[in-house]
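S.K.: here's my sequence, what's the structure:
(one chain, ligands or ions: 1)
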Amino acid sequence: MSAIAATFEEGLAGVRTRIVAACTAAGRDASTVRLLPVTKNHPAEAVALAVAAGFPAVGENRVQEAVAKQADCAALGVTARWELIGHLQSNKARLAARHFDRVQSVGSVKLLDLLDREAAAAGRLLPVLLQINAGNDPAKFGAEPADAPALLEHALGRRALRVEGLMTIAPLSDDPAVARRTFANLRAIRDQLVARFGVALPELSMGMTADLEAAIAEGSTLLRVGTALFGERAPVPAAG
Ligand SMILES: *Cc1c(COP(=O)(O)O)cnc(C)c1O
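M.R.: As a prediction, the model looks like this:
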């Protein structure tokens, strides 16, 4: 067995144990929380392992890395759905609309318009999540909570996009209460939007390796987990 396969086998068992424990503590059925393996900075083999373990989708945070990995996966005969979870630059919207099955990191009206135009041009109905900076973190992308209603209203008018829910990343902090507060805030924002617009926003994408318990406690439906499944990511090669 390759090193990454061994890491994944052990990591997956550990993550599943953590999810079951957190669901039990929160009084939730573990089947209501799904896991999105994050394969960024890992090779196509990571995607193959996830698919072989029964995961239909993987998360990637950079468009070009994902496009290259998709080609590698096609060569290996590995089929997965691909979700973009990282910041999307405007000039990558065209590629993103064609190469991803869902974009979770949509935090602006401008990006909604670009993705809508590109998805329409590609003849696709593209599922999206609205990324909200629910922890009011100056270092994070995503719409400010106060702008969430306007963002959703605009999104609902885009014919080539389908809004499925919200996504957030908790601020880096040694205090677990910070993540918990962030996730509680995202859920509250979701509940307010549902009441105000009368639409379903079932997906709450929140929780990563460091804070998945807090996310489960606050209603996460989708955990985006990389490190705990695949180990530390290979360092990004220095430029030059
Ligand atoms: C990398 C990444 C993750 C996974 O983080 P881990 O700490 O490795 O589990 C989740 N969400 C986003 C947006 C990421 O960029």
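
S.K.: hey, let's count contacts and neighbours off CA atoms from now on
M.R.: Fine.

S.K.: contacts for stretch 102-115 next, please.
M.R.: The contact list for stretch 102-115 (Cα atoms under 8 Å, 6 or more residues apart in numbering) reads 82-88, 90, 93-94, 96-97, 126-132, 141-143, 151, 154-155, 158, 161, 166-167.

S.K.: just how off-centre is that stretch within its chain?
M.R.: Centroid separation between stretch 102-115 and its chain, computed with Cα atoms, centre = their mean, to the nearest Å, is 13 Å.

S.K.: can you measure across it, start residue to end residue?
M.R.: 11 Å (Cα to Cα, to the nearest Å).

S.K.: and that stretch, is it in reach of the ligand?
M.R.: No. Stretch 102-115 stays clear of the ligand (Cα under 6 Å from any ligand atom), getting no nearer than 7.8 Å.

S.K.: for that stretch, the averaged confidence score.
M.R.: Averaging pLDDT along stretch 102-115 gives 98.

S.K.: for that stretch, which positions count as buried?
M.R.: The neighbour-count check on stretch 102-115 (16 or more other Cα atoms under 10 Å) flags 102-109, 111-115 as buried.

S.K.: export the residues you listed to CSV and tack on secondary structure?
M.R.: Converted to CSV, the buried residues of stretch 102-115 look like this (DSSP: H, G, I helix; E, B strand; the rest coil):
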residue, secondary structure
102, strand
103, strand
104, strand
105, strand
106, strand
107, coil
108, coil
109, helix
111, helix
112, helix
113, helix
114, helix
115, helix
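
S.K.: ok, which pair from those residues is furthest apart?
M.R.: Farthest pair in these (Cα to Cα) is 102 and 109. Separation: 17.0 Å.

S.K.: could you check how far residue 221 is from the ligand?
M.R.: Going from residue 221 to the ligand by Cα to the nearest ligand atom, to the nearest Å gives 14 Å.

S.K.: just the buried residues of the lengthiest helix in the chain, please?
M.R.: Ranked by residue count, the top helix of the chain under DSSP state H comes out as helix 3-26. Using 16+ other Cα under 10 Å as the burial criterion, the residues of helix 3-26 that qualify are 4, 5, 7, 8, 11, 12, 15, 19, 20, 22, 23, 26.
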